[in-house]
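S.K.: Give me the fold of what follows.
(chains A and B)
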There are 2 protein chains.
Amino acid sequence: MKGDEVPVTAPPRATRKVPSVVIVNTGDGKGKSTAAFGTALRAVARGWKVCVVQFIKSDRWKVGERDVATRLGIEWWTVGDGFTWDSDNMERTEAIAREAWRVAKDKIASGDYGLVVLDEVTYPMTWGWIPVDQVVEAIRLRPPTVNVIATGRDAPPELVELADTVSEVRSVKHAFDNGVRAIRGIDF
Amino acid sequence: MKGDEVPVTAPPRATRKVPSVVIVNTGDGKGKSTAAFGTALRAVARGWKVCVVQFIKSDRWKVGERDVATRLGIEWWTVGDGFTWDSDNMERTEAIAREAWRVAKDKIASGDYGLVVLDEVTYPMTWGWIPVDQVVEAIRLRPPTVNVIATGRDAPPELVELADTVSEVRSVKHAFDNGVRAIRGIDF
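M.R.: Now for the predicted structure:
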């Protein structure tokens, strides 16, 4: 759909049916987590069990998406300890991230969910808190009907390699960089 | 958050409070519309009135996100005529896109909504069906509390210029390009 021509020919048809896919939303732009939540909407619409595990956001944050998602029957785990710069005990923060991964791994392996979202999982992977090979292995060996979406900047190459669909959300500009405060209802 | 250092210093604080923002999700990757829907979740969670106008998707498609969004009280208008390559009357398809814009313009101008999503609006703009300057003008002159999200590939420069936040969703890879069929519950 480049240029200004109205497309009149359909793109080639995809024919391969797969039981599930792995999606990675990475990059420095806004939209990685919200795209995962938007896909979760589609999943619950089809009657799937959906689980979201948040690796950074803590229980202390009352984010709007969590309320609404819970109302829709989405399981929502905010296991994280919040921003690392707010931590007064980094070992505890790291232990909490590992615990989040233990929860997420079990959810994936259970086969109970049509979709498991690993929100902001790349950060503890990047910091060496959760071994990349364990995450990749758990996703690779998942029950075949479990779709997985992983979000966060700097997705490790092994995760990108494993994924079926990878989007890099690039920040062309961001209101925040212009000094604009986050808006309740838009940013959280 | 580049590299493998755990960030221990908070980023500079944003201090400017604005009543609303304009967000553009563009690029060739997966996640532009779903990110808008995910943000719509946040908006309804805060009790805002939310309206989604779809410029390409037609009423004949029963997309999952529409069911769930309607359940949440989101107004959902699928005014579009479907893929252009399925059209047997391109003038009618074009007229329908113009009608979608008339609806969207009224919704924005009404000031009734905290968020108006213009889903896939860039395509009819690119094809010359909806004048870019009219869209930019309607958004620029909107009531101050109305947030607007526009999605679609090849966002016109004037729209990018006007926006507060612009994300380019770049396709690193897409299951579809590998012949994998769309999955009900993930892709629609």
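S.K.: CA atoms for contacts and neighbours, from now on please.
M.R.: OK.
S.K.: any idea which helix is longest in chain A?
M.R.: Using DSSP state H, we find that the single longest helix of chain A is helix A:90-110.
S.K.: That helix: which residues count as buried?
M.R.: Applying a neighbour-count criterion of 16 or more other C-alpha atoms under 10 Å in any protein chain shown, one finds A:Thr93, A:Glu94, A:Ile96, A:Ala97, A:Arg98, A:Glu99, A:Ala100, A:Trp101, A:Ala104, A:Lys105, A:Lys107, A:Ile108 buried in helix A:90-110.
S.K.: want to throw those into a markdown table with pLDDT?
M.R.: Below are the buried residues of helix A:90-110 laid out as a markdown table (pLDDT from 0 to 100):
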| residue | pLDDT |
| --- | --- |
| A:Thr93 | 91 |
| A:Glu94 | 93 |
| A:Ile96 | 92 |
| A:Ala97 | 93 |
| A:Arg98 | 94 |
| A:Glu99 | 93 |
| A:Ala100 | 94 |
| A:Trp101 | 97 |
| A:Ala104 | 97 |
| A:Lys105 | 98 |
| A:Lys107 | 98 |
| A:Ile108 | 98 |
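S.K.: of all those, which comes closest to A:Pro124?
M.R.: A:Pro124 lies nearest to A:Ala97 out of the buried residues of helix A:90-110, by C-alpha to C-alpha, at 6.6 Å.
S.K.: Touching, that closest one and A:Thr126? I think so.
M.R.: No: counting by C-alpha atoms under 8 Å, A:Ala97 does not reach A:Thr126; the two are 12.0 Å apart.
S.K.: Stretch A:83-92 spans what distance, first to last residue?
M.R.: 13 Å (C-alpha to C-alpha, to the nearest Å).
S.K.: Now whichever residue of chain A sits closest to chain B: closest residue in space, sequence neighbours ignored.
M.R.: The nearest approach of chain A to chain B comes at A:Ala35, 3.6 Å away (C-alpha to the nearest C-alpha). In space, and not counting its chain neighbours, A:Ala35 is closest to B:Ala35: 3.6 Å by C-alpha to C-alpha, 6 or more residues apart in numbering or on different chains.
S.K.: quick one: what helix or strand has that neighbour in it?
M.R.: helix B:32-45 (DSSP states H and E).
S.K.: Starting from that helix, tell me the next helix or strand along the chain.
M.R.: Assignment by DSSP H and E places the next element after helix B:32-45 at strand B:50-54.
S.K.: Look at the closest residue to A:Trp48 other than its chain neighbours and say how many residues are nearby.
M.R.: In space, and not counting its chain neighbours, A:Trp48 is closest to A:Gly114: 5.2 Å by C-alpha to C-alpha, 6+ apart. Per other C-alpha atoms under 10 Å in any protein chain shown, the neighbour tally for A:Gly114 reads 25.
S.K.: so how far is B:Thr26 from A:Thr34?
M.R.: Distance, A:Thr34 to B:Thr26, using C-alpha to C-alpha: 15 Å.
S.K.: Please apply the same query to A:Thr70.
M.R.: 29 Å.
S.K.: Who has more neighbours out of those two?
M.R.: Between A:Thr70 and B:Thr26, B:Thr26 has the larger neighbour count (other C-alpha under 10 Å), namely 28 against 12.
S.K.: Is there contact, residue-wise, from stretch A:98-105 to chain B?
M.R.: No: applying C-alpha under 8 Å from any C-alpha of the partner chain, one finds stretch A:98-105 out of contact with chain B, separated by at least 14.9 Å.
S.K.: just how off-centre is that stretch within its chain?
M.R.: Offset of stretch A:98-105 from its chain centre (C-alpha atoms, centre = their mean, to the nearest Å): 14 Å.
S.K.: Could you do stretch A:135-143 as well?
M.R.: The chain centroid and the centroid of stretch A:135-143 are separated by 15 Å under C-alpha atoms, centre = their mean.
S.K.: hey, C-alpha coordinates of it in CSV?
M.R.: These are the backbone C-alpha positions of stretch A:135-143, laid out as CSV (Å, rounded to 0.1, in the frame of the first residue of the first chain):
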residue,chain,number,x,y,z
VAL,A,135,12.4,-18.1,28.3
VAL,A,136,13.1,-19.2,24.8
GLU,A,137,12.9,-22.9,25.8
ALA,A,138,9.6,-22.5,27.7
ILE,A,139,8.1,-20.7,24.7
ARG,A,140,9.5,-23.2,22.1
LEU,A,141,8.2,-26.2,24.1
ARG,A,142,4.8,-24.7,24.9
PRO,A,143,1.6,-26.7,24.4
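S.K.: List the buried residues for that stretch?
M.R.: For stretch A:135-143, by 16+ other C-alpha under 10 Å, it's A:Val135, A:Val136, A:Ile139, A:Arg142, A:Pro143.
S.K.: Let me see the contact set for the last one.
M.R.: A:Pro143 is in contact with A:Ile108, A:Ala109, A:Ser110, A:Gly111, counting by C-alpha atoms under 8 Å, 6 or more residues apart in numbering or on different chains.
S.K.: wait, doesn't the first one sit right on A:Val146?
M.R.: Pointing back at A:Ile108 there. Yes: the pair A:Ile108 / A:Val146 is scored as a contact, 6.9 Å apart, by C-alpha under 8 Å.
S.K.: Between the two, which contacts overlap?
M.R.: Residues touching both A:Ile108 and A:Val146 (C-alpha under 8 Å, 6+ apart): A:Val116.
S.K.: got a list of contacts for the longest helix of chain A?
M.R.: By C-alpha under 8 Å, 6+ apart, helix A:90-110 touches A:51, A:53-56, A:79-81, A:84, A:87, A:113, A:116, A:118, A:124, A:129-130, A:135, A:138-139, A:142-143, A:146.
S.K.: Whichever of those end up buried, select them in ChimeraX.
M.R.: Buried members of the contacts of helix A:90-110, defined by 16+ other C-alpha under 10 Å, are picked up in ChimeraX with:
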select /A:51,53,54,55,56,79,80,81,84,113,116,118,124,129,130,135,139,142,143,146
